[in-house]
Structure formats: C-alpha cells, structure tokens
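> Generate coordinates for the sequence data below:
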Amino acid sequence: MTSSDKPPSTPHLLLMDDDRLILAMLASGLRSAGYQVSTAESVDDAEALLAAGLRPDLALIDVSVPGRSGLELAERLHGLDHIPFLMLSAYSDTATVERASDFGALGYLVKPLDIVQIKPAVQAALQRSQEIEALRQTRAQLQAALNSDRDINVATGIAMMQYRLPRAAAFELLRSASRSQRRKLSEVAAQAIEACEKLHG
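Have a look, this model is predicted:
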C-alpha cells in the first residue's frame, strides 16, 4: 500500500536522522505500525520537504546531525509551522534537553531506539499535540470573540456620543443596522469605528 492509498486519518510522521541504517529501520518499523513516514537525512532535507508542502502530524528529530543542528529545525517547526516534535539523541545532555523543551519538544528519546520503545512515545506525543491544537483553536476563538465584543462596545459608545443616546438605545441602533444590512453586528461595529477614525483622523 502506498502513502496515497492510506486513509487521511493515518498520522504522517517526519523522521530525521543522519544514520541511514537507523533511519531505514525506524521508518520501516513505524510504517509497519500503521504510520505514513517521510524521511530526511539532514535539516536541509527536512526543510526542503516542508517547503514542498509536507505538514506532518509529528516530527522525530535527531539532535546531532552534520551541518545544522536538529535544534535549529525544532525551533523552526515550533515557531513557524506549529508542527509538534520529539527529539532523538545518542546521549542525554541536560542543556540540550532544556533547549529542546524551550522549543516545545513533546519528548526526548535517547538512542539506541527500537520500535517497541518508540511507539508509545509517538502515540503519546500525537495525543498531546491534538490537545495542544484544540487549546490553540479555542484560544483563537476566544480572542476573536473578545475582539468582537470590544468593537461592539466601542461602536455603541460612538453612537451614544453622536446621537446623544442612552447605552441601550445606541446598542439597539447598531443592532437594527445589522439586521437591515443583513450583516453581523461585529462587522457593522467595525465599520462604524473605521468611519469614526477616518472622520477624526
């Protein structure tokens, strides 16, 4: 079965390690475990895949690779792409673990690794990443709601001053405009604020 034949619900992993033997072994094991896997032997290879449109559900990144450090890729994944990742390393170095954590690593696995050991970590990281993404979406929705409420309050205040109306009447004026224009109240409010800013700009 090729990657394109797999159902869309199959998690896609990006695996980066400069050791081709380890890369092939882990990729094979993870595919057998039911995951789609894309592989890269360097940070540049991984970034080329991302630039081509790859958006894995989880990345597994070797810290120590020739050239650019795996931590550099980790920083990019976390900051730009919001792609969750696990760090892999041949040794457990406290400073490196702390840096990986600062960049948002969901785990730190010390090599040598086998599939029996890595599968639970991958499953836990995927579950955790889904929880984080749900929180991020909720936060974005709350922020949008707060921004909308703020605009409505400001526009109500503008209407109160312009038309010398009490708050309830000014709000009702906005709501009537929203109904007659068949637009969201927040859109009418934003337009009223913009018109006021242009008038007094």
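
> count of neighbours near the closest residue to Lys184 other than its chain neighbours?
In space, and not counting its chain neighbours, Lys184 is closest to Ser178: 6.7 Å by CB to CB, 6 or more residues apart in numbering. C-betas here are computed from N, CA, C, even on glycine. By other CB atoms under 10 Å, the residues close to Ser178 number 17.

> wait, doesn't Ser178 sit right on Leu185?
Yes. The pair Ser178 / Leu185 is scored as a contact, 4.4 Å apart, by CB atoms under 8 Å.

> Now do the end-to-end distance for stretch 38-53.
Using CA to CA, to the nearest Å, one end of stretch 38-53 lies 12 Å from the other.

> same question, stretch 52-67
Stretch 52-67: ends 21 Å apart by CA to CA.

> now that stretch, how far from the chain's geometric center?
Going by CA atoms, centre = their mean, to the nearest Å, the spacing between the C-alpha centre of stretch 52-67 and its chain's C-alpha centre is 15 Å.

> which residue ranges form the strands in the protein?
Taking DSSP state E as the criterion, the chain contains strands spanning 12-16, 36-40, 58-62, 85-89, 108-110.

> Could you state which residue of this structure sits nearest its centroid?
With distances taken as CA atoms, centre = their mean, His82 lies nearest the centre of the chain, 3.2 Å away.

> Tell me which residues touch that residue, please.
Contacts for His82 were tallied using CB atoms under 8 Å, 6 or more residues apart in numbering; they are Glu133, Arg136.
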